[in-house]
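> this one's structure only:
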């Protein structure tokens, strides 16, 4: 697979972003949703800010506190010597007894970057979507943007102590927006709503993370109003071996091709190496898989993909398509944004039409 | 709290149920949904059947296999010496490496029992809802029945290797029924749909089980057609100590009182002792908690509640209300069905109006 990475990658790094909070540093600007609006490419960046800690024995954890109604940033301080917690994952502080996360070590929100050429971006000074409800008090992450007529629907991970659900918001102008609450309950992520109705229904990909039975795999649901979802069907599972045997989830918003709906998704192996693959869904029934790539179409190879806050990761929340050119915007190493061009024809040529698991729910 | 247990409890035991499958034994008839239909009380029993194993070194696991389209019972045989599996929980066979369930040791389906007096039941000869899709191939469990006008909506746990989701079906006559697919994705259970619209919307309680962040707690969602659900809100959480510090979930279908919606729910402590409690929700906004019981209204005390396949459990999926009398049907020890009468006035008098956690999402 020929991957034309932009030679100036990464296109946006933490150094490019001014922290929004006092005494914080930007540690990641990644996993951006993508929109085309008034002749510009917009990246809805996930910006992760971490409170600066002067004391190496203290880990700080930011939350937006809604106990007084209005959201207010509050920075918790946890001593590393506290035997209750496990600090081994840089992203979170975990209760040792239950394995449950007690805090995240950074707060993510969504900020817009705008570009005329798709490569060089100007970043807004202030957040676009900032935690606004108790269910977002640990942050909002990994947005996807689906354009349906003049509306842009933003789907994002809404994180709080009560779980990670999927928030939905809508904007017409990327200035103001309206929240529609949680469209999916915890634990769920990696939602990508299709850009048009199919057979009279809206569809979305989603990725539940069940606890007792089942694995982090891709499901599909339907809706008639985008707010309420049901008829959940299992879509694409993990392999037993290889690059996609750990977790998989939706990536870019699916787009229409002559062969069917093409979805560029992510998969990680058991060592947390994240790659991108492609799956083709029936144009009239997106709950039916027609074909998929057996190997990744994009895997971490460059230094900026291999090293960072959480290395060995390529992760896309959006792409633009122009004729045969598929321009994939993707987060690298949970740190920065990169972009690469791939040929649609070549992606389609890599799809395998056998060995696809049949969904017997249909 | 005065609990008038029926003196002939348990009212239905495994000995009362003829196995539907050859070479199987009924090990549980419990957690029944309740409906009032044509002057009778109907219990939608969860019947659990286990393949009879002659060899103590072999554990058998039944599944309904849909790989050939039609569902067909298949009994897997797993050697107890297989180092891959943990057999310590009698209900499931678990992969040692991931803690994920590989199989259940019994297959549950739903069978109807009918009664004129509410105490003495005649059990149908054949299943009512039997696994009918790939997402039900490990069984269907713990139904609740919500009557809305002439329709009875049955919400049940749909179990398969891909997770436990919530199936929805509708019947008018408890003879035939129609499936509406999964109304909620894994991992979720303990759904109880309200029996009428409130402010123009349907509501349901549900209990997600997230993996990474959050705990098994009660949420509420809304719908305009019962099939599609959204605007998920966190409703009632665990306590840090006491009888409800392990997991909680919806129980009986909520019913209207002069004070608000009353929900009889279940909670377990960290030792898996399951009790029933009550929570009062705002009559015009069920996402708002008004009050709750601090202590259980019904706890395991009798032998048939303390001992069984999984002891120390009382678990209700339905109740009937007649004036001041609340007749709670409840599963005991994952084995049998019991019934007890409580006074509505007394339940309401036990509710505490302070110390209720405020839901700031509202």
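Good, I have the coordinates. All figures in this text were calculated on a predicted structure; none of them were measured in a lab.

> So for the residue in the stretch 201-350 of chain A positioned nearest to chain B, what pLDDT did the model give?
For the stretch 201-350 of chain A, the residue positioned closest to chain B under C-beta to the nearest C-beta is residue A:214, at a distance of 3.1 Å. The C-beta positions use only the backbone N, C-alpha and C, and glycine is treated the same way. At residue A:214 the predicted local confidence, pLDDT, stands at 95.

> Thought residue B:159 was touching it, still the case?
No - judged on C-beta atoms under 8 Å, residue A:214 makes no contact with residue B:159 at a distance of 9.7 Å.

> how about the residue of the stretch 201-350 of chain A closest to chain B, what does it touch?
With contact set as C-beta atoms under 8 Å, 6 or more residues apart in numbering or on different chains, residue A:214 has these partners: A:208, B:100, B:161, B:162, B:163, B:164, B:186, B:187.

> ok, what's across the strand from residue A:171?
In this entry, residue A:171 is beta-bridged to residue A:152, by DSSP bridges.

> Residue A:235 - that's part of a strand, no?
Yes - judged by DSSP: H, G, I helix; E, B strand; the rest coil, residue A:235 forms part of a strand.

> Quick one: name the residues of the stretch 201-350 of chain A near chain B.
Taking C-beta under 8 Å from any C-beta of the partner chain as the measure of proximity, the stretch 201-350 of chain A contacts chain B at A:206, A:208-215, A:217, A:219, A:221-225, A:227-234, A:237.

> Lowest-confidence member of the contacts of residue A:214, which is it?
Checked by pLDDT, the contacts of residue A:214 have residue B:100 as the lowest-scoring entry (88).

> Does that residue touch residue A:213 like I think?
Yes - under the criterion of C-beta under 8 Å, residue B:100 lies in contact with residue A:213, with a separation of 6.6 Å.

> of these two, who's got more company?
In this comparison of residue B:100 against residue A:213, neighbours counted by other C-beta atoms under 10 Å in any protein chain shown, the higher total goes to residue A:213 at 22 against 16.

> didn't that one look like it was pressed against residue B:99?
No - Residue A:213 is beyond contact range of residue B:99, at 10.4 Å (criterion: C-beta under 8 Å).

> picking that back up, got a quick ChimeraX command for the buried subset of the residues of the stretch 201-350 of chain A next to chain B?
Filtering those down to the buried ones (16 or more other C-beta atoms under 10 Å in any protein chain shown) takes a single ChimeraX command:
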select /A:206,208,209,210,211,212,213,214,215,217,219,221,222,223,224,227,228,229,230,231,232,233,234,237
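
> so how far is residue A:73 from residue A:144?
Residue A:144 sits 26 Å away from residue A:73, going by C-beta to C-beta, to the nearest Å.

> ditto for residue A:110
Taken as C-beta to C-beta, the spacing of residue A:110 relative to residue A:73 amounts to 16 Å.

> Compare those two and say which is more crowded by neighbours.
In this view residue A:110 and residue A:73 are compared by other C-beta under 10 Å, and residue A:110 has more residues nearby, 25 against 17.

> Report the beta-bridge partner residues of that one.
With DSSP bridges as the criterion, residue A:110 is bridged to residue A:46, residue A:129.

> Could you measure from it over to chain B?
Applying C-beta to the nearest C-beta, to the nearest Å, the value for residue A:110 to chain B is 19 Å.

> residues contacting that residue?
Residue A:110 sits next to A:33, A:44-47, A:127-130, A:140, A:143, A:154, A:156 when contact means C-beta under 8 Å, 6+ apart.

> ok, and the most crowded of the residues you listed?
Ranked by the number of neighbours (other C-beta under 10 Å), those place residue A:45 first, at 31 neighbours.

> Show the contacting residues for that one.
Residues in contact with residue A:45 (C-beta under 8 Å, 6+ apart) are A:12, A:17, A:29, A:30, A:32, A:110, A:111, A:112, A:113, A:123, A:337.

> before we move on, what about residue A:139?
If a contact means C-beta under 8 Å, 6+ apart, then residue A:139 has A:48, A:64, A:104, A:106, A:107, A:108, A:109, A:131, A:159 as its contacts.

> What strand or helix carries the first one?
Spelled out, that is residue A:48. Mapping residue A:48 onto the secondary structure by DSSP states H and E places it in strand A:40-51.

> pLDDT of that strand, averaged?
pLDDT averaged over strand A:40-51 equals 98, rounded to a whole number.

> Which stretches in chain A count as helices?
Using DSSP state H, the helices assigned to chain A run over residues A:303-306, A:344-349.

> Turn the contacts of residue A:214 into TSV, including distance to residue A:326.
Putting the contacts of residue A:214 into TSV (distance: C-beta to C-beta, whole Å) gives the following:
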residue	distance to residue A:326
A:208	27
B:100	35
B:161	34
B:162	30
B:163	32
B:164	37
B:186	32
B:187	34
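
> hang on, the earlier thing: find the residues that touch each one of residue B:100 and residue A:213.
With contacts defined as C-beta under 8 Å, 6+ apart, no residue is shared by residue B:100 and residue A:213.

> Report how far apart the opening and closing residues of stretch A:207-225 are.
20 Å (C-alpha to C-alpha, to the nearest Å).

> Report the distance from that stretch to the chain centre.
In terms of C-alpha atoms, centre = their mean, to the nearest Å, the centre of stretch A:207-225 is found 15 Å from the chain centre.

> doesn't residue A:141 make contact with residue A:156?
Yes - in this structure residue A:156 lies within contact range of residue A:141 using C-beta under 8 Å: 6.3 Å.

> coming back round to it: from the contacts of residue A:214, list the buried ones, please.
Listed as buried from those are A:208, B:100, B:161, B:162, B:163, B:164, B:186, B:187; burial here means 16+ other C-beta under 10 Å.

> The fifth one bridge partners, please.
Taking DSSP bridges, one obtains residue B:160 as the residues bridged to residue B:163.

> quick one: the residue nearest to residue A:288 when sequence neighbours are not counted from residue A:310, how far?
Counting by C-beta to C-beta, 6 or more residues apart in numbering or on different chains, residue A:288 lies nearest to residue A:282, which is 4.0 Å off, once chain neighbours are set aside. When C-beta to C-beta is the yardstick, residue A:282 and residue A:310 sit 35 Å from each other.

> now swap in residue A:268 and tell me
Counting by C-beta to C-beta, the gap from residue A:268 to residue A:310 is 11 Å.

> Show me which of the two is the more surrounded one.
For residue A:268 and residue A:310, the more surrounded residue by other C-beta under 10 Å is residue A:268, and the numbers stand at 21 against 17.

> roughly how far apart are the more buried one and residue A:216?
As for residue A:268, its distance to residue A:216 is 9 Å (criterion: C-beta to C-beta).

> Check the contact lists of the two and give me the overlap.
A:246, A:247, A:248.

> I'd like to know how many residues surround the nearest residue to the second one once chain neighbours are set aside.
Right, the one you point to is residue A:247. Across the structure, with C-beta to C-beta, 6+ apart as the measure, the residue nearest residue A:247 apart from its sequence neighbours is residue A:216 (3.8 Å). When neighbours are defined as other C-beta under 10 Å, residue A:216 has 21 of them.

> Tally up the residues packed near residue A:302, please.
By the other C-beta under 10 Å criterion, the neighbourhood of residue A:302 contains 16 residues.
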